[in-house]
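1. quick one, fold the following:
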Amino acid sequence: MISGVATTRKKVSVVMVAVAPIHGQVVWLGWQKSGQVIRPRVFTSQPNGAIKPSPRSVSLTRTDGSDYVALGLADARLAQVEDKYMLTWREVLDSRSSPMMVAVSADLASWTVYDTNINASGPSIIVSQYSWQNRLVMYYEDGLIRMATSPEGQKWHSWDRFMLAPRSTKFDHGLLSILASWQTSQGVLTIYDASIRKSDSWQLRIGALFTSTDEPFQIIWRSERPLIKVDLPEQQAIRPVGSVLLNGYVHCYWQKQDGSVFTMSALAPTIKKLNIKRHVSPLVRHRANPILEPTNQAWESTGTFNPAVLHDDDGIIHLIYRAVGHDGLSVFGYAKSEDGTTITERSTRPAYWPREIWEGVNSQPSRYSEIFLSGGGWGGCEDPKLTRIGDTVYMTYVAFNGWGPPRAALTSLHIDDFRAQNWNWSPPQLISPPDTITKSACLLSEKINGKFVMFHRIFPDILIDYLDDLEFGEDKWLAGHDRIGIRASFWDSRKLSIGAPPIKCDQGWLAIYHAVDDRDPSRYKMGAMLLDRDNPSRVIRRTSRPLICPDVHYENEGKPGVVYPSGAAIKDDRLLVYYGGGDRVVCVAESPIKKFMSFLMKSENIDAPLKIRPEDKCIRALE
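-> Numbering: from 1, shown residues only. Coordinates of the predicted model:
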């Protein structure tokens with residue numbers, strides 16, 4: 001973090017609305033009010049020098065040749081794309097969300113004004129010197145930061161995805177405002193304001209991020225600490241004007257209510273200085289996310305998340321998802337998709353519900369519920385995982401009776417009944433030892449050396465058992481023969497769990513997992529590992545950085561900071577990873593499988609299996 005030095009300029013009689021670096025100097029646009037009419041003016045300065053008016057006159061003309069008369073405007077931003085200048089602003093009417101306008105000029109003097117089809121509640125900016133798929137890219141505020149594209153700057157397509165969202169445990173947990181965005185040789189660099197107002201002062205906070213030029217939703221890096229953080233003993237209102245990138249520095253500008261302008265500066269982040277590898281995650285969130293949300297059905301009115309997945313022979317993707325209603329009881333719902341992302345059928349009744357006392361039948365909230373609370377429910381069946389072996393569909397899940405430590409459980413169903421939605425599940429059985437929290441159990445889809453392979457988690461590691469059969473009870477429980485452990489100083493340093501049952505591929509078993517970092521203990525992130533085909537306890541490759549972090553709004557609106565993978569499939573040469581977002585909704589991320597495996601095979605981490613010592617079997621059992 002660099003605390004910039006404030007440079008206060010003399011008061012000006014105009015409202016500075018936009019700033020941009022042009023030909024090595026800072027160019028300003030300001031609005032001067034004359035009666036009821038607002039007229040633009042151009043000013044210039046050095047990054048930390050005095051603001052001087054330009055002699056050139058400025059005109060704004062509509063496409064029909066008439067003068068543009070601004071009766072109210074706000075949140076203007078200035079960008080340069082090739083040899084044109086592009087100005088965006090909001091026409092402030094009677095509502096918080098108001099129409100966005102775009103003006104284009106070749107000389108900063110004569111501007112042509114266009115109406116757009118975008119309503120915004122805050123600043124919008126066109127990314128300077130950048131196009132994606134031969135389209136301009138604009139970031140705009142509509143509660144969060146969205147992205148829109150346009151071939152010419154008039155009709156915009158909103159991608160209905162969030163490019164940037166607050167992070168509940170970071171410096172940028174409040175409202176965000178885009179200051180500037182430029183294409184650089186290292187990616188698209190975006191500067192944003194996350195300042196907060198206190199009772200008698202301001203704390204200026206500036207964040208930054210790099211996104212991929214090829215995939216604008218792919219965040220390469222986002223600042224963990226503010227680029228600029230300064231306490232400003234100031235009672236009057238201030239507002240950000242914009243930011244410029246000049247000579248290796250980021251200069252950010254604000255204007256006070258009295259008209260004075262000041263700047264804070266910091267070294268611009270670079271990929272090399274940050275020691276960031278240029279590759280980015282091959283997994284991309286689907287633009288239709290979330291694909292499942294709570295309904296008005298009583299049993300799934302609060303949350304629908306953490307889906308299990310079964311990819312059927314006919315290509316259908318079946319989902320069994322955790323559902324929580326207002327009664328706080330967790331049950332399982334059913335949905336299916338033909339293409340993997342569009343839900344084509346959804347059951348109006350649960351596919352599975354508690355049947356045993358140890359599953360939460362007739363349980364009530366107790367003082368113990370909060371100790372083991374998960375996903376907003378105080379009891380029931382949680383976090384299912386599906387595996388088909390032959391004609392049998394096995395479902396593992398977490399059984400929570402409402403007062404004791406949650407345990408792993410198992411039931412099954414014939415594939416024909418599953419397809420017909422005849423939920424004739426076999427009698428459920430507990431498979432993990434009593435008095436020990438056990439979660440994330442799942443079966444491998446093939447036997448290894450004639451034995452079933454069961455993954456599960458006892459804090460903090462993934463445990464693996466090789467079983468002759470699937471009969472449990474009378475002191476016959478999962479024991480944890482092998483272990484895949486946490487890694488100190490990595491993103492999975494606190495705890496990790498298998499997310500989706502591993503998928504067999506040419507290189508081995510592809511396992512998607514979730515983990516928590518000791519340095520970021522409130523956020524669940526997604527990663528991947530490749531397991532040996534003949535010895536799935538052996539890790540061949542493992543991602544050194546998360547594939548997806550909980551950075552968008554639907555991963556933070558229930559329980560903040562949760563990306564929880566629980567199912568995966570390879571369909572039409574695409575890897576589809578299904579996950580719960582914020583313990584509330586079902587989401588999917590995708591990647592071409594060849595691209596994903598190429599990425600994974602380049603990962604440098606190779607881990608060996610560790611045998612469980614007797615004293616490890618009860619390690620930190622309350623997590």
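2. my guess is I570 contacts I503. True?
-> Yes: I570 lies in contact with I503 (C-beta atoms under 8 Å); the separation is 6.2 Å. The way it works is simple: take the backbone N, C-alpha and C, and place the C-beta from them, glycine included.
3. with neighbour numbers in mind, choose between those two.
-> Using other C-beta atoms under 10 Å as the criterion, I570 and I503 rank with I503 on top: 19 against 16.
4. partners of T396 in the sheet?
-> Under DSSP bridges, the beta-bridge partners of T396 are K385, L410.
5. helices of the stretch 51-200 of the chain, start to end?
-> Using DSSP state H, counting those that start in this stretch, no helices are found in the stretch 51-200 of the chain.
6. other SSEs contacting the strand or helix carrying A18?
-> Applying DSSP states H and E as the criterion places A18 in strand 15-22. Counting contacts by 3 or more C-beta pairs under 8 Å, 6 or more residues apart in numbering; DSSP states H and E, strand 15-22 packs against strand 25-34, strand 73-81, strand 84-91, strand 238-246, strand 249-256.
7. helix or strand for S412, which one?
-> Going by DSSP H and E, S412 is in strand 407-414.
8. buried residues in the helix or strand following that strand?
-> Counting by DSSP H and E, the next helix or strand C-terminal to strand 407-414 is helix 415-420. Residues of helix 415-420 classed as buried by neighbour count (16 or more other C-beta atoms under 10 Å): 418-419.
9. beyond helix 415-420, next helix or strand please.
-> Reading on from helix 415-420 to the C-terminus, the next helix or strand found by DSSP H and E is strand 429-430.
10. is A569 in contact with I317, as I believe?
-> Yes: at 6.0 Å, A569 counts as touching I317 under the criterion of C-beta under 8 Å.
11. more neighbours, those two?
-> Each of A569 and I317 has its neighbours counted (other C-beta under 10 Å); I317 has more, 25 against 20.
12. which stretches of the stretch 1-150 of the chain have low pLDDT?
-> 1-14, 16-17, 33-38, 70-73, 93-97 (pLDDT under 70).
13. mind listing the strands for it?
-> Taking DSSP state E, counting those that start in this stretch, the strands of the stretch 1-150 of the chain run over residues 7-8, 15-22, 25-34, 37-45, 52-53, 59-62, 73-81, 84-91, 98-105, 110-120, 124-126, 136-142, 144-150.
14. need the residues that contact the fifth one.
-> The reference is to strand 52-53. For strand 52-53, contacts defined as C-beta atoms under 8 Å, 6 or more residues apart in numbering pick out 41-45.
15. so for K594, which of the helices and strands packed on strand 15-22 sits nearest?
-> Across those, K594 has its closest neighbour in strand 73-81 (34.1 Å, C-beta to C-beta).
16. quick one: the helices in the stretch 201-350 of the chain?
-> Here the stretch 201-350 of the chain has its helices, by DSSP H, counting those that start in this stretch, at 271-274.
17. same question, the stretch 451-600 of the chain
-> For the stretch 451-600 of the chain, the helices defined by DSSP H, counting those that start in this stretch cover 593-601.
18. quick one: low-confidence parts of the protein?
-> Ranges of the chain meeting pLDDT under 70: 1-14, 16-17, 33-38, 70-73, 93-97, 160-162, 272-279, 363-376, 604-623.
19. burial of P307, as a residue count?
-> With other C-beta under 10 Å as criterion, P307 counts 32.
20. repeat for R487
-> The burial count for R487: 16, using other C-beta under 10 Å.
21. with adjacent residues omitted, what lies nearest to it?
-> Excluding the flanking residues, the one nearest R487 by C-beta to C-beta, 6 or more residues apart in numbering is S493, at 6.0 Å.
22. the one you found touches P521, doesn't it?
-> No: the criterion here is C-beta under 8 Å, and S493 misses it with P521 at 9.6 Å.
23. which of these two has more residues huddled nearby?
-> Legend: neighbour count by other C-beta under 10 Å for S493 and P521, higher for S493 (18 against 12).
24. that older thread, ok, and which of the strands of the stretch 1-150 of the chain has the densest surroundings?
-> Ranked by mean neighbour count, the strands of the stretch 1-150 of the chain are led by strand 124-126 with a mean of 27 (mean count of other C-beta atoms under 10 Å).
25. how about N289: what's its closest non-neighbour residue?
-> N289 sits nearest to C587 (C-beta to C-beta, 6+ apart), 4.4 Å away.
26. does that neighbour touch R287 like I think?
-> No: at 11.1 Å, C587 does not count as touching R287 under the criterion of C-beta under 8 Å.
27. which of these two has more neighbours?
-> Per other C-beta under 10 Å, whichever of C587 and R287 has more neighbours is C587, with 26 against 10.
28. quick check: the more buried one vs D314, distance?
-> Remark: distance between C587 and D314 (C-beta to C-beta, to the nearest Å) = 24 Å.
29. and L164, by the same measure?
-> L164 is 39 Å from D314, by C-beta to C-beta.
30. so for the two, which sits in the more crowded spot?
-> More crowded of L164 and D314, by other C-beta under 10 Å: L164, with 24 against 7.
31. surely the more buried one and Y192 touch.
-> Yes: here L164 reaches Y192: they are 6.7 Å apart, a contact under C-beta under 8 Å.
32. common neighbours of the two, please.
-> By C-beta under 8 Å, 6+ apart, the residues touching both L164 and Y192 are 145, 176, 178, 209.
33. adding distance to R487, write those residues out as a markdown table.
-> Below are those laid out as a markdown table (distance: C-beta to C-beta, whole Å):
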| residue | distance to R487 |
| --- | --- |
| I145 | 32 |
| L176 | 32 |
| I178 | 35 |
| L209 | 25 |
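34. are any of the residues you listed buried, and if so which?
-> Here, 16+ other C-beta under 10 Å leaves 145, 176, 178, 209 buried among these.
35. in strands, which of these appear?
-> 145, 178, 209 (DSSP state E).
36. okay, and the beta partners of the last one?
-> Beta bridges link L209 to T190, R222, judged by DSSP bridges.
37. how many other residues sit next to R519?
-> Neighbour number of R519 under other C-beta under 10 Å is 11.
38. pull the contacting residues for it.
-> S493 are the contacts of R519 under C-beta under 8 Å, 6+ apart.
39. run a quick neighbour tally on the closest residue to I357 other than its chain neighbours.
-> Excluding the flanking residues, the one nearest I357 by C-beta to C-beta, 6+ apart is N401, at 6.3 Å. Counted with other C-beta under 10 Å, residues neighbouring N401 total 22.
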